[in-house]
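>>> Fold the following.
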Amino acid sequence: MMLGNLNNKILWLLLGFFIAPYGFGLTFIPGFQSIDFPKIIPFVFFIIIILKFDFKKIDLSVLFFLILVLLHFFSVFYSSQINNSLVDLFSHLFLFYPGFLIPFLIIKSEKSLKKLITIINIVVVLYILLSITEFIFQVNIFDFFRNTYSKDSRFNDQLGFARLGFKAVMGPFASTLPFAYTFVTLFFLKDLFKPEKLNKKFIEGLITVFGVIAICFTLSRAAIFVLFFLMIFKNLLKTKFRTKLWFVFSFITISIFVWNQIQDSPIETYIETYIFGITESSAGTDLRLSNNLIDLNFALESPILGHGAGMLRFNKIDGVDLGSSDSSYLLSIFADRGFFSISILFIIILITFKRYYFLSKLKSIDFNYRSLLFSFGAIFLCINSSQRSEVFFLFFFLLGLINKIYLINKNPC
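Numbering: from 1, shown residues only. You can find the predicted model right below:
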């Protein structure tokens, strides 16, 4: 009974993590712009894991995950900037890594999994409401109350105005991209299970349509690309030819209708400049490629062990001035912690995909396990396009979630 109560509390904390706004917090902690609920909650998870997780009986994926954490720990000691490396280590240890182990604590059966995904569905509906109202009124209600994250400290605070002349939505986050990445990931994850009140074709259709619109209001190219790419791929994977044909016809018809409606509008300019013209944009593929090549060359200077935890970011800002403004998460791990760490992460991902394949072959009335592939694909593509640390918890959470779902199906109680 006590364990059940703990699981319910963790589920409520997860809800709080996804909807609690950034910017209401303490600002005197070194290494952090703000200590607010989205940072406090993962730290609470860390404490719960230390107290409640059974490290004597661990799964293969957990074993490799702990090796990844251990390598991160050792990378501090050969860093040229130990203080910066400690900040990187502790931020991962307290804020991001708990995401992997939390699913192992809260998911004990299909019933607890249904509770979790019901919460995800609630979060998606709230994100849709926040996104659409913010774009319509061009005001983020949380900005009236934030005591941290000034405009000067945010990333791309003027992203929407620069690209479209409108404010890009950011929901409870302090900037647009973390909200967009979280939104598109949970948008696919919600399909794992449909709560009874939402399990109606009309309501499901409304959530899908308004969800797509709401994600587009983030004006994040990565999120929009990933959204449409995965939606097309998802529908073309369906077995019935009639379903595929209907999707293609509907997609083309809606696209033509929308395109005709936005002629000579700022939206048309945005699409032509930042979507179709991405290869010609000064912030497009050439810049991404240049950034990644710079970071890769930096990584290859110390390919086995890396330069030390957090050193890529340090050298972008305060160190040798690499001249690159952004990088993928995989390149960051390679540059910071070298071949061994990136190999361990790939092993975890390969184990996860193998287990996803097992789940994808199961016939279930209640669960759509294919949604796990699309949700993980969304977060993986996004953070390797333009990484944001606010979504690292979600990245590890999905890895842990897939492995735990596999285990409860492989070894049902």
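>>> what residue ranges in the stretch 301-413 of the chain score low on pLDDT?
318-321, 324, 412-413 (pLDDT under 70).
>>> how about the helices of it, start to end?
Taking DSSP state H, counting those that start in this stretch as the test, the helices found in the stretch 301-413 of the chain are 311-317, 329-360, 370-383, 392-410.
>>> Can you lay out those helices as a markdown table showing mean neighbour count?
No exception for glycine: its C-beta is placed from N, CA and C like everyone else's. Below are the helices of the stretch 301-413 of the chain laid out as a markdown table (neighbours: other CB atoms under 10 Å):
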| stretch | mean neighbour count |
| --- | --- |
| helix 311-317 | 21 |
| helix 329-360 | 19 |
| helix 370-383 | 22 |
| helix 392-410 | 22 |
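>>> Leaving out sequence neighbours, find the closest residue to Asp336.
Nearest residue to Asp336, sequence neighbours excluded (CB to CB, 6 or more residues apart in numbering): Gly306, at 4.9 Å.
>>> Can you report how many residues lie near Phe233?
Neighbour count for Phe233, taken as other CB atoms under 10 Å: 12.
>>> show me what contacts it?
Phe374 (CB atoms under 8 Å, 6 or more residues apart in numbering).
>>> Next one: it, what pLDDT does it get?
Per-residue pLDDT puts Phe233 at 83.
>>> Next, the angle helix 370-383 makes with the strand or helix carrying it.
Using DSSP states H and E, Phe233 sits in helix 221-236. Angle between the axes of helix 221-236 and helix 370-383 is 150 degrees (criterion: axes from the mean of the first three to the mean of the last three CA atoms, to 10 degrees).
>>> quick one on the thing from earlier: count the neighbours of the residue nearest to Asp336 for me.
27.
>>> sorry, back to before: give the buried residues for the helix holding Phe233.
Arg221, Ala222, Ala223, Ile224, Phe225, Val226, Leu227, Phe228, Leu230, Met231, Lys234 (16 or more other CB atoms under 10 Å).
>>> burial count for the nearest residue to the third one once chain neighbours are set aside?
Right, the one you point to is Ala223. Nearest non-adjacent residue to Ala223, counting by CB to CB, 6+ apart: Ala180, 3.7 Å away. Using other CB under 10 Å, Ala180 has 33 neighbouring residues.
>>> quick one: contacts for Ala180?
Ile215, Thr218, Ser220, Ala222, Ala223, Cys382.
>>> any idea which element Leu105 lies in?
Using DSSP H and E, Leu105 falls in helix 98-106.
>>> Now do that helix: which elements does it pack against?
Counting contacts by 3 or more CB pairs under 8 Å, 6 or more residues apart in numbering; DSSP states H and E, helix 98-106 is packed against helix 2-19, helix 37-52, helix 60-75, helix 110-137, helix 392-410.
>>> Looking at these, spot the one closest to Gly338.
helix 60-75 (7.8 Å; CB to CB).
>>> which intervals of the stretch 51-200 of the chain have sub-threshold pLDDT?
147-165.
>>> now do 80
Scanning the stretch 51-200 of the chain for pLDDT under 80 picks out 144-166.
>>> So which of the helices and strands packed on helix 98-106 is nearest Phe376?
Once the helices and strands packed on helix 98-106 are compared by CB to CB, helix 392-410 is nearest, at 4.8 Å.
>>> between that closest one and helix 2-19, how many degrees?
140 degrees.
>>> Determine the angle, from 0 to 180 degrees, between the helix or strand hosting Gly205 and helix 110-137.
Following DSSP H and E, the helix or strand that holds Gly205 is helix 201-216. Angle, helix 201-216 to helix 110-137, by the same axes, to 10 degrees: 60 degrees.
>>> quick one: average pLDDT of helix 201-216?
91.
>>> which parts of it are buried?
Of the residues in helix 201-216, those buried (16+ other CB under 10 Å) are Ile207, Phe210, Gly211, Val212, Ala214, Ile215, Cys216.
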